[in-house]
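> Predicted model follows, preceded by the sequence.
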Amino acid sequence: MLNMGSEVTVDAEPEPIALDPQKTAVIMIDMQRDFLEPGGFGETLGNDVSLLKKAVGPCKALLDLARRTGILVIHTREGHRPDLSDAPKAKVERGAPSMRIGSPGPMGRILVRGEPGHDLIPELYPLPGEPVIDKPGKGAFYATDLGSILQHRGIETLIVCGVTTEVCVHTTVREANDRGYKCIVPGDCCASYFPEFHEMGLRMIKAQGGIFGWVSDSQKLQRALG
Ligand code: C5J
């Protein structure tokens, strides 16, 4: 565990960033079977889900680091109520997926809470006491109690990991940035079905003096905190 009030500096772009581990949370975005395993929501949209696997090892290392150092860990899951009452028609009916949200698939109903596909992958499973946020949208603040949880713990800095870089990670970083949080995104702890969107998503965060936040990686965080 790190001492109260002990700031560390993390090598990042566009510039190094100081953080207080006691006022920092790791947010693990949507590391769910529905996005990472065959037969889930990601694959219904025509994506190669194997592209997301490379983020799992670095995320695991970062989770271990956060747990060792006493940094708050929060997990999110994208998904809907079984009656789909919180799923906008425009989302359910969009595009031409092989199976729509709510349809029965090999891991249960697609993107529905309580189904096997909605669960977090075993490698990154939450420990007892780590908050899990169920979100109906792409951003982790929309229609959730994430803001209250962060406020009650005095959190100022977020280390945002997960999938996919340009969708739920980006939306969450943008929401957090507008709410006054400093966001650090370890690039190797995120992944996309579109490697070029991943690269561009990270560039967009750190451009213009860090318009949305800072980009770093799991090893740099390990060097600063470990
Ligand atoms: C998507 C997500 N890609 N978690 N969700 O639909 O990024």
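Structure's in. What do you need? Quantities reported herein were computed from a predicted structural model and do not represent experimental measurements.

> got any ranges where this structure has weak pLDDT?
Across the chain, residues meeting the criterion (pLDDT under 70) sit at 1-5.

> P131 and the ligand: what is the separation?
Counting by CB to the nearest ligand atom, to the nearest Å, the gap from P131 to the ligand is 18 Å. Using the backbone N, CA and C atoms, a C-beta is placed for each residue, glycine as well.

> close enough to count as contact, that residue and R77?
No. Using CB atoms under 8 Å, P131 is not in contact with R77, being 11.4 Å away.

> Tell me which of these two has more neighbours.
Here P131 and R77 are compared on neighbour count by other CB atoms under 10 Å; more neighbours surround R77, at 21 against 17.

> you'd agree that one is up against V132?
Yes. Counting by CB under 8 Å, V132 is a contact partner of R77 at 6.6 Å.

> Are there residues contacting both of these two? Which ones?
Residues touching both R77 and V132 (CB atoms under 8 Å, 6 or more residues apart in numbering) are L120.

> where does the longest helix anywhere in the chain sit relative to the chain's centre, distance-wise?
When the chain is parsed with DSSP state H, its longest helix is helix 195-210. On the basis of CA atoms, centre = their mean, to the nearest Å, helix 195-210 sits 16 Å off its chain's mean C-alpha point.

> same check, this time on stretch 123-135
11 Å.

> Would you mind listing the buried residues in it?
L124, E130, P131, I133, D134, K135 (16 or more other CB atoms under 10 Å).

> cool, stretch 102-110 as well?
Within stretch 102-110, the residues scored as buried using 16+ other CB under 10 Å are G102, G105, M107, G108, R109, I110.

> Tell me which other helices or strands the longest helix of the chain touches.
With contacts defined as 3 or more CB pairs under 8 Å, 6 or more residues apart in numbering; DSSP states H and E, the packing partners of helix 195-210 are helix 170-178, strand 182-186, strand 190-191, strand 214-216.

> T157: how many residues sit nearby?
21.

> Quick one: the helices in the chain, in order.
Using DSSP H, helices in the chain cover 33-36, 41-44, 56-69, 89-92, 146-152, 170-178, 195-210, 218-225.

> Dump the first one to PDB, restricted to CA.
This means helix 33-36. C-alpha atoms of helix 33-36 as PDB (Å, rounded to 0.1, in the frame of the first residue of the first chain):
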ATOM      1  CA  ARG A  33     -17.400 -12.200 -22.900                       C
ATOM      2  CA  ASP A  34     -19.900 -10.400 -25.200                       C
ATOM      3  CA  PHE A  35     -17.100  -8.300 -26.600                       C
ATOM      4  CA  LEU A  36     -14.100 -10.600 -26.300                       C
END
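
> Next one: the most centrally placed residue in the chain from C189, what distance?
Note on the chain: the residue nearest the mean C-alpha position is I29, at 1.8 Å, using CA atoms, centre = their mean. Remark: distance between I29 and C189 (CB to CB, to the nearest Å) = 10 Å.

> Identify, from the buried residues of stretch 102-110, the entry nearest to N177.
I110 (30.6 Å; CB to CB).

> Get me the contact residues on this protein for the ligand.
D30, F35, E78, K138, V163, T164, V167, C168 (CB under 6 Å from any ligand atom).

> Please name the nearest non-neighbouring residue to D188.
P58 (4.2 Å; CB to CB, 6 or more residues apart in numbering).

> need the contact list for that neighbour.
C161, P186, D188, C189, D217, S218.

> Now the fourth one. Nearest residue, chain neighbours left out?
Same thing as C189. In space, C189 is closest to C161, 3.7 Å off (CB to CB, 6+ apart).
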